[in-house]
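Peer 1: please find the sequence and the predicted model below.
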Protein chains: 2
Amino acid sequence: MLSLEHLANNNLFKGLPAGDFDELASICQEQKFKRGEIIFHEGDVGLGFYVMISGMVKIFKISMEGKEQILHILKPGEPFAEVALFAGSSYPANAMAIEKSKVVFFPRQAFSDLISRRPSLAMNMLATLSFRLRQFAHMVEAISLKEVPGRLAAYLLLENKESKTKGEVHLPITKSQLASLLGTIPETLSRILAKMVKQELIETKGATIVILDDEGLHELAEGEYRLS
Amino acid sequence: MLSLEHLANNNLFKGLPAGDFDELASICQEQKFKRGEIIFHEGDVGLGFYVMISGMVKIFKISMEGKEQILHILKPGEPFAEVALFAGSSYPANAMAIEKSKVVFFPRQAFSDLISRRPSLAMNMLATLSFRLRQFAHMVEAISLKEVPGRLAAYLLLENKESKTKGEVHLPITKSQLASLLGTIPETLSRILAKMVKQELIETKGATIVILDDEGLHELAEGEYRLS
DNA sequence: CGCTGCGTTGAGCTTCTTCAACGATCGTGG
DNA sequence: CCACGATCGTTGAAGAAGCTCAACGCAGCG
C-alpha cells in the first residue's frame, strides 16, 4: 500500500471522498526512473496513466531525421498519458525522465471504473484534458504563427509569471531541451539569446535569465516588434 | 422544441437514455450562420458549446500580421468549443462558418449538470477530448518536424483513407484554407502541388486530386524521401 | 585526468515567405 | 443572360529566417 497524501491536494483528485483514496492506493503502484530512462514509446499499448511525484518528465515526438519536438514538460503533481485511457489504446508520443523521477501508475481498467462512479473525478479529468487542449492550441499558434524570438519571449514571460523570483527566470531544463520545446534547435536558440542580450532585453548567467525589459519582451511575444 | 434525431447517432451522445434527449432538446437551441460569419472570437466568454448539424466550420488562430492557422475543420456531427465548458471560461480560438452552416448550441450550466449526472455522457466527452488531444499532438508533430511536402502528403493519404472513392481525393475546402490548415500559405501549397504532379505522385483536376503513387506519398509523409 | 554532453559561434545553404502580376472561376445583380 | 467584381489559384523573382555542418570552449563526473 502506498501513501497518497501528495495526491489529496492534486487538482485531479480534488473533492474525492477520503474512502476513495484507499481504493486508489490499492490499485496504483509507484515507479522510479533514472535520468534518461524511457517511460513509454509512442505506439505502445497504454495500460494506464501516470501522476508525477518527483523529478521531471518530457513528452516528445521524434522525426525520422532525429529532430525532437517536446510537447510537455511534466513536474510533480501533474498527470500524464491520460489520453490513452479514453481514446485509442496506444500512447500518442514518447515519455522520458529528464531527471531521476518518481511516478504513480494507475492501471487502466480500475481507474476507468472509479471515474465512471465518481462524477467529480470525471469532471476533474475533463478539466485536466481541457487545460491540455488549451496548451496545445497555444503551442500550435506559437510554432506556426510566431518566429523563434517571439516564442522565446513568450516562454520567458510565462516562466517569470509562475516563478517566485520576479525578474529572474531559472530555466528548469537545459537550453537544448528548451530549444526542442520551442520547436527549434540549440544553435538558433543560442543566437537569439545572444541577440536579446545585445539589445538589453535580458541578461544571462548560465541557467538564470534576468529580465531587463519586460515590455520589450511582451512586444516581441505579441509580434509587434522584431529583433532585426 | 428541437428535433434531435441527428444527435442520437452522435458519438458524444451514444448510450444516453432516450428520456435525456428530451431534456437536451429543452436546453439547446439551433443557430444558423452564413458563409464567412464569425461564430465566436478567441477570448469571448464561453457560454456553451456547439454540435455541427450541417455545413462546415473552421477553428483558427490569427497572428498580428494577419496570418491564419486553422486548428480544426468541423463537419456535421462533430462537437466544438467543449473546452470552454471545463477549463477557463473563454474560447481559446476563433470560429467561422466557411459555408452556410447549422449548429446546435448547448448552454454551459444545463449541460454541465447533465454530464455530472450521466457517467456515460462524461465518458463520451472524455473520449472526444482525448481524440482532440491526439489530433493536436499529430498537428504539432507535423508542423514542427515535417516540411510542407510531407504534411501535404500525410493530409492527402488521410483524406483518401476516409474517402469512399479510393484513389481520388475531393478536397472539402479551398486550397487557401488547406494551406492554412497545413501551416503554410497558398503560394507554397500551389508550388508543391505542381512539383508533385511533375513527379507523377498525383494528378490534379481542380478540387479533385488523383493519387498516382501511394507508396511515394507515404515515403514523403514519413520523411524518407524528398521532393528535391 | 580524460570523457561526454552542453553551449556557442561562424559560414553556407535550403526552405519558405513576401511581393507582384495575372488568369480563371463563381456568384450576383443589372 | 451577360457583365462585373470578388475570390481563388498560379507563377516568377527576391529576400529572410532558420537549419546544417563544423569547430571549439567549458563544466561536471566518473
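Peer 2: Received the coordinates, thanks. Numbering: from 1, shown residues only, chains lettered A, B, ... in the order given.

Peer 1: near DNA strand D, which residues of chain A show up?
Peer 2: A:65, A:67, A:147-149, A:183-185, A:187-188, A:192, A:226, A:228 (C-beta under 7 Å from any atom of the strand). All C-beta atoms are positioned from the backbone trio N, CA, C, and that covers glycine.

Peer 1: per-domain residue ranges of chain A.
Peer 2: Here the domain parsing of chain A from automatic domain parsing is A:4-143, A:146-221.

Peer 1: in a markdown table, list these along with distance to B:Glu200.
Peer 2: Converted to a markdown table, these look like this (distance: least, C-beta to C-beta, whole Å):
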| stretch | distance to B:Glu200 |
| --- | --- |
| domain A:4-143 | 23 |
| domain A:146-221 | 33 |
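
Peer 1: reformat those domains into JSON lines and put mean pLDDT next to each item.
Peer 2: Putting the domains of chain A into JSON lines (pLDDT from 0 to 100) gives the following:
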{"stretch": "domain A:4-143", "mean pLDDT": "93"}
{"stretch": "domain A:146-221", "mean pLDDT": "96"}
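
Peer 1: which of the ones you listed sits closest to B:Lys58?
Peer 2: domain A:4-143 (13.4 Å; C-beta to C-beta).

Peer 1: circling back: and which of the residues of chain A next to DNA strand D is nearest to B:Phe21?
Peer 2: A:Gly183 (44.2 Å).

Peer 1: helix, strand, or coil at the closest one?
Peer 2: Three-state assignment for A:Gly183 (DSSP: H, G, I helix; E, B strand; the rest coil): coil.

Peer 1: enumerate every residue touching it.
Peer 2: A:Gly183 is in contact with A:69, A:142-143, A:148, A:151, B:143-144, counting by C-beta atoms under 8 Å, 6 or more residues apart in numbering or on different chains.

Peer 1: of those, buried ones?
Peer 2: A:69, A:142-143, A:148, A:151, B:143-144 (16 or more other C-beta atoms under 10 Å in any protein chain shown).

Peer 1: re earlier: out of the domains of chain A, nearest to DNA strand C?
Peer 2: Set against DNA strand C and scored by C-beta to the nearest atom of the strand, those come closest in domain A:146-221, at 3.4 Å.

Peer 1: so how far is that closest one off the chain centroid?
Peer 2: Distance of domain A:146-221 from its chain centroid, counting by C-alpha atoms, centre = their mean, to the nearest Å, is 17 Å.

Peer 1: so is that domain next to DNA strand C?
Peer 2: Yes - using C-beta under 7 Å from any atom of the strand, we find that domain A:146-221 touches DNA strand C at A:174-177, A:186-187, A:189-191, A:193-194, A:204, A:207.

Peer 1: in strands, which of the contacts of A:Gly183 appear?
Peer 2: Taking DSSP state E, the ones among the contacts of A:Gly183 that sit in strands are A:Gln69.

Peer 1: A:Ser116: how many residues sit nearby?
Peer 2: 15 (other C-beta atoms under 10 Å in any protein chain shown).

Peer 1: correction: the previous question concerned A:Ser112.
Peer 2: Neighbour count for A:Ser112, taken as other C-beta under 10 Å: 15.

Peer 1: could you do A:Val104 as well?
Peer 2: When neighbours are defined as other C-beta under 10 Å, A:Val104 has 21 of them.

Peer 1: and it, helix, strand or coil?
Peer 2: Strictly by three-state DSSP, A:Val104 counts as strand.

Peer 1: my guess is it contacts A:Phe13. True?
Peer 2: No - using C-beta atoms under 8 Å, A:Val104 is not in contact with A:Phe13, being 11.0 Å away.
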